[in-house]
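Asks: Sequence first, predicted model second:
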Amino acid sequence: MIQVLRSLIDIALLRRDPGALPASVVLLALGALLFGALNMLEAGLLYGNDRLLGRAIVEVGLALGLFGLVFAVMRRGHRYLQSMTAVFGTYLLIAPLIAVSLVLQGPAISAYGVWMLGRVAFYALTVWFLLVIAHIVRSALETGLLAGFAIAITWVLAAVSLSRTLFPKPA
C-alpha cells in the first residue's frame with residue numbers, strides 16, 4: 001500500500017504515469033468509494049447538507065462513465081483500471097487541500113485577506129488537479145497534453161452542469 005501511495009504522489013507531481021499502479025478492481029473500487037466520500041465533504045462545504053449522497057453518486061458515476069467512454073473510443077480499455085485508480089487516488093491527495101481552501105473562504109465578511117487566500121488556493125489547486133488529470137489521460141491514451149487537458153476540463157464542466165441540473169439550489 002505504501003508503494004501505491006508513493007506512486008500516486010509521483011503521479012500528482014507529474015513524475016510518473018498511471019502505469020506505475022497495479023491494475024486492480026479492488027483498488028479502483030476503494031478509490032471510487034473514497035473519492036465519493038471526499039466529494040461529499042467538499043459538496044457539504046459548498047452546498048451545505050443538500051443531497052450529498054446523490055451528488056457523490058453522480059460524480060463517481062460520471063467519472064467512471066465518461067472516462068470509460070473515452071478509453072473505449074480510443075481503444076485503450078486495457079489502461080482504464082490504472083488510469084481511473086490514478087484519477088481517484090490523486091484526488092484523494094489534493095482534496096484535503098481543496099477542503100482547507102474552501103474553509104478559508106468562510107470568514108469572508110470579517111477577514112478579506114483570508115478569504116482571498118482561500119479563493120486563490122482553491123483555483124490554483126483546481127488547475128493543478130486538471131493538469132494531473134491531463135497528464136494521466138495523456139499517458140494512458142498516448143495523446144498530447146492539450147488533448148488530455150481538454151478531456152479533464154470536459155469532465156469538470158460536465159460534472160458541474162450535471163450537478164446543477166440534477167440538484168438545483170432551492171428557491
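Replies: Received it, and whenever you're ready, just let me know what you need.

Asks: From here on, just use CA atoms for contacts and neighbour counts.
Replies: Noted.

Asks: Contacts only, for Ile57.
Replies: Gly36 (CA atoms under 8 Å, 6 or more residues apart in numbering).

Asks: List the contacts of the residue nearest to Gly44 when sequence neighbours are not counted.
Replies: Excluding the flanking residues, the one nearest Gly44 by CA to CA, 6 or more residues apart in numbering is Leu52, at 6.7 Å. Counting by CA under 8 Å, 6+ apart, Leu52 makes contact with Met40, Ala43, Gly44.

Asks: Roughly how far does Leu52 sit from Leu41?
Replies: Leu52 is 8 Å from Leu41, where distance means CA to CA, to the nearest Å.

Asks: give me phi/psi at the residue nearest to Gly44?
Replies: Dihedral angles of Leu52 (phi, psi; degrees, to the nearest 10) stand at phi -60, psi -40.

Asks: Could you pull up the mean pLDDT of the longest helix that the chain contains?
Replies: Across the chain, the longest stretch assigned as helix under DSSP state H is helix 112-141. On average, the pLDDT along helix 112-141 is 91.

Asks: Check which residues of the very next helix or strand once past that helix are buried.
Replies: Once the chain leaves helix 112-141, the next helix or strand it forms, by DSSP states H and E, is helix 145-166. The neighbour-count criterion (16 or more other CA atoms under 10 Å) identifies 145, 147-149, 151-153, 155-156, 158-159, 162-163 as the buried residues of helix 145-166.

Asks: Tell me how far the spatially most central residue of the chain lies from Leu141.
Replies: In the chain, the centroid-proximal residue (CA atoms, centre = their mean) is Tyr91; its distance is 4.6 Å. According to CA to CA, Tyr91 and Leu141 sit 20 Å apart.

Asks: Kindly report the same for Gln82.
Replies: 12 Å.

Asks: Which one's more surrounded, these two?
Replies: Neighbours were tallied for Gln82 and for Leu141 using other CA atoms under 10 Å; the higher tally belongs to Gln82 (22 against 19).

Asks: How about the secondary structure of the more buried one?
Replies: Under DSSP: H, G, I helix; E, B strand; the rest coil, Gln82 falls in the helix class.

Asks: With Asn49 instead?
Replies: Per three-state DSSP, Asn49 ends up coil.

Asks: quick one: it and Leu41, what's the gap?
Replies: Asn49 is 9 Å from Leu41, by CA to CA.

Asks: For these two, indicate the residue with more neighbours.
Replies: For Asn49 versus Leu41, neighbours defined as other CA under 10 Å are more numerous around Leu41 (19 against 12).

Asks: which stretch of helix or strand covers the more buried one?
Replies: If you go by DSSP H and E, Leu41 is part of helix 25-47.
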